[in-house]
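Novice: Curious how this folds, go ahead:
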Amino acid sequence: MPTQPNKAPKLFLTTGQAALTLRQQLALSQTAFWNRIKVTQSGGSRYESGRDLPQPVRLLLHFAYAPEAQALALLHRLRSTTLDDKTPRPSRS
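Specialist: Residues are numbered from 1 along each chain as shown. Okay, here's the model as predicted:
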């Protein structure tokens with residue numbers, strides 16, 4: 001499903017509880033799951049216990065664990081807009 005040009009795709013994981021659920025479904029240890037995005041086991045444990053996930057961590061979780069189409073949609077969105085989200089970046093040749 002195509003995304004609207006000015007609307008970011010919904011992130012795959014937005015809470016520590018959702019990350020915990022996915023980690024358990026994947027049968028991964030905290031170390032293996034969180035190391036993939038360079039978060040320590042103890043940091044991952046804090047997120048899974050209720051600490052808010054910072055936006056950069058949510059983005060990394062999305063790229064690491066979302067289905068490929070969802071991850072690519074967000075990557076395309078990030079690469080096709082400027083930081084102010086108003087002017088498209090020039091296309092890459």
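
Novice: Which strands and helices lie in contact with the helix or strand containing Ala18?
Specialist: Ala18 is part of helix 16-25 when elements are defined by DSSP states H and E. Applying 3 or more CB pairs under 8 Å, 6 or more residues apart in numbering; DSSP states H and E, one finds that helix 16-25 makes contact with helix 30-35, helix 41-48. Heads up, the C-betas are built off the backbone N, CA and C, glycines and all.

Novice: Kindly recompute the last result at 6 Å.
Specialist: Packed against helix 16-25, as judged by 3 or more CB pairs under 6 Å, 6 or more residues apart in numbering; DSSP states H and E, are the following elements: helix 41-48.

Novice: Report the inter-axis angle for the helix it packs on versus helix 16-25.
Specialist: If you take axes from the mean of the first three to the mean of the last three CA atoms, to 10 degrees, helix 41-48 sits at 120 degrees to helix 16-25.

Novice: pLDDT of helix 41-48, averaged?
Specialist: For helix 41-48, mean pLDDT is 97.

Novice: which residues touch that helix?
Specialist: For helix 41-48, contacts defined as CB atoms under 6 Å, 6 or more residues apart in numbering pick out 16, 20, 30-31, 34, 53.

Novice: how does it look with 7 Å?
Specialist: Contacts with helix 41-48, where a contact means CB atoms under 7 Å, 6 or more residues apart in numbering, come from 16, 19-20, 30-31, 33-34, 53.
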